[in-house]
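Asks: just need the structure, nothing else, for what follows:
(2 chains)
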Amino acid sequence: MKNFVKGLFKENPILCYLLGLCPTLAVTTNAVNALTMGLGVIFVLFFSNVIISLIGKVVPKQVRIASFIVVIATFVTVTDIFLKANFPALSKALGPFIPLIVVNCIILGRAEVFASKNNLVSSAFDALGMGIGFTVTLLVMGAVREILGMGTVFGITVLPGFFPKFLVMILPAGAFITLGLLVGLHEAVLKKGTLPSRRPCKV
Amino acid sequence: MNYVLIFIGAAVINNFVLAYFLGICPFLGVSTDLKKASGMGFAVMFVMLLAAASTWLIYYRVLIPYNLQYLQYVAFILVIASLVQFVEMFLKKFVPPLYRGLGIYLPLITTNCAILGLTLFMVIKRYKFVESIFYALGAGGGFLMALLIMAGIRERLETADVPVPFRGAGIALITAGCLALAFMGFSGVMK
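Replies: A predicted model of the protein is given here:
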């Protein structure tokens, strides 16, 4: 249970470790893309963590990174083909960012730090916690950017028409600024209750 | 002329870091001082050049003729991983100070999305061999430039009075946002 909860907020992979920032910034122009990306990552992370926790002790140390990446790349190929076949429009919108899950540092990071050293059950929960933490952060960013930039969320208008649209929020610059503010906020919330001099989240 | 356009397009207008968000981890990680930033920038540029050339050959000379496109991701990432290993051995032997300075970030080039991204874009855009080389040079140059600008700014930020929760990563991301805003000025220069 502990393995599951820690990824949600306290050790959130994006806000705390700053891992997997490329997809975080690139696909969060609206909430739908963000959700698809998040689910894709949960899928790949879950299965690669499970497989790696099984083979972790057998693989020789020198070739472990290469073998982990091959496992991850296999599941990413599965995700990519699945999306292309069933959701062609979404697959087109996300473009090369689905194959880029291969190099998403969260997945390789969890494989190396956690799954290769722990048993199957805790690795599976670790993957789910980290994956959901990632997806929720992505969804928050996607929703914030979509609301401020287009006045909609999941394509439904939420802001009244007279409210100005900040076009910059759906452009690259808006992504960096939103994430910067979220990281600061996360840090500020965590810092309450810990010693002021200590950084609760080591980057 | 076409080659020049590809180069400038990849370096400035569609800058990999600031417009496509590729290679953000090293962009934030090693941009704390200029020396490391330039070392990392050149290492990435070099790996990009080699990766573009070798993955182009593999994709068009091996995978397509044998109808193996579904192996694309696995093949590309393996090529990149071995190239990084090669660069690492080279630097360790010939430029040890730089090798120590880059530390953990050198093996991390393997998972630098800018490099896999470059090879994927190269396939999506159907570039020919020479065009791919110029594309890689432009992308690498753009990465180096963004890294150097960022390192320059962050050296000044050290002394700035930033609200405590935003120190480090938070302010770096907001700075990157301002940089991206500045680079947007180039969009529309060419199609």
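Asks: and B:F134, what element?
Replies: In this structure, B:F134 is located in helix B:129-157 according to DSSP states H and E.
Asks: now for the closest residue to A:F46 other than its chain neighbours, which secondary structure element holds it?
Replies: The shortest distance from A:F46 to any residue that is not its chain neighbour, by C-beta to C-beta, 6 or more residues apart in numbering or on different chains, is 4.5 Å, and that residue is A:A127. Every C-beta, even on glycine, is put in place using the N, C-alpha and C of the backbone. When elements are assigned from DSSP H and E, A:A127 belongs to helix A:120-150.
Asks: so which elements touch the helix or strand just after that helix?
Replies: Helices and strands here follow DSSP H and E; after helix A:120-150, the next one along the chain is strand A:152-153. Where contact means 3 or more C-beta pairs under 8 Å, 6 or more residues apart in numbering or on different chains; DSSP states H and E, strand A:152-153 is packed against helix A:120-150.
Asks: which parts of the helix it packs on are buried?
Replies: Across helix A:120-150, burial judged by 16 or more other C-beta atoms under 10 Å in any protein chain shown covers A:122-150.
Asks: residue contacts, the residue most central in space within chain A?
Replies: Central residue check for chain A by C-alpha atoms, centre = their mean: the C-alpha nearest the mean position is that of A:F134, 3.5 Å away. Remark: with contacts taken as C-beta atoms under 8 Å, 6 or more residues apart in numbering or on different chains, A:F134 is in contact with A:G7, A:N12, A:P13, A:I14, A:G20, A:G38, A:V41, A:I42, A:L45, A:I106.
Asks: got it, and B:W56?
Replies: In this structure, B:W56 makes contact with B:M122, B:Y127, B:F129, B:S132, judged by C-beta under 8 Å, 6+ apart.
Asks: could you pull out the helices in the chain for me?
Replies: No chain was given, so I picked chain A. Along chain A, the segments classed as helices by DSSP state H run A:2-6, A:21-26, A:31-55, A:64-86, A:88-94, A:105-110, A:120-150, A:172-191.
Asks: other chain: chain B
Replies: Counting by DSSP H, chain B has helices at residues B:2-8, B:24-29, B:34-57, B:72-94, B:96-102, B:113-124, B:129-157, B:169-183.
Asks: burial measure for B:C25, as a count.
Replies: One way to gauge burial is a neighbour count; for B:C25, by other C-beta atoms under 10 Å in any protein chain shown, it gives 21.
Asks: correct me if wrong: it contacts B:L108.
Replies: Yes - in this structure, B:C25 is within contact of B:L108 by C-beta atoms under 8 Å, at 6.8 Å.
Asks: so what sits against both of those two?
Replies: A:C105.
Asks: which stretches of the chain have low pLDDT?
Replies: Using chain A here. Low-confidence segments of chain A, defined by pLDDT under 70, span residues A:1, A:161-162, A:191-203.
Asks: that's the wrong chain, I meant chain B
Replies: Going by pLDDT under 70, which is the cut-off in play, chain B has low-confidence ranges at B:1, B:102-105, B:111, B:190-191.
Asks: thinking A:K10 is in contact with A:C16, fair?
Replies: Yes - A:K10 is within contact range of A:C16, at 7.2 Å (criterion: C-beta under 8 Å).
Asks: so which of those two has more stuff around it?
Replies: In terms of neighbours (other C-beta under 10 Å), A:C16 is the more surrounded of A:K10 and A:C16; the figures are 22 against 14.
Asks: distance of the more buried one relative to chain B?
Replies: As judged by C-beta to the nearest C-beta, to the nearest Å, A:C16 and chain B stand 10 Å apart.
Asks: highest mean neighbour count out of the helices of chain A?
Replies: Per-stretch averages of neighbours, counted by mean count of other C-beta atoms under 10 Å in any protein chain shown, single out helix A:21-26 among the helices of chain A, with a mean of 26.
Asks: let me know the closest of the contacts of B:W56 to chain A.
Replies: Proximity of the contacts of B:W56 to chain A was ranked by C-beta to the nearest C-beta; the top entry is B:M122 with 10.4 Å.
Asks: distance of the closest one from A:P96?
Replies: 10 Å (C-beta to C-beta, to the nearest Å).
Asks: ok, B:V123 next?
Replies: Using C-beta to C-beta, one obtains 9 Å as the distance from B:V123 to A:P96.
Asks: right, and A:G129 touches A:K6 too?
Replies: Yes - contact status for A:G129 versus A:K6: in contact at 6.3 Å, counting by C-beta under 8 Å.
Asks: list the contacts for A:F46?
Replies: Counting by C-beta under 8 Å, 6+ apart, the residues that A:F46 touches are A:A124, A:A127, A:L128, A:G131.
Asks: and for B:V84, the neighbour number?
Replies: The burial count assigned to B:V84 is 23, neighbours taken as other C-beta under 10 Å.
Asks: so it touches B:P107, yeah?
Replies: Yes - taking C-beta under 8 Å as the definition, B:V84 is a contact partner of B:P107 at 6.6 Å.
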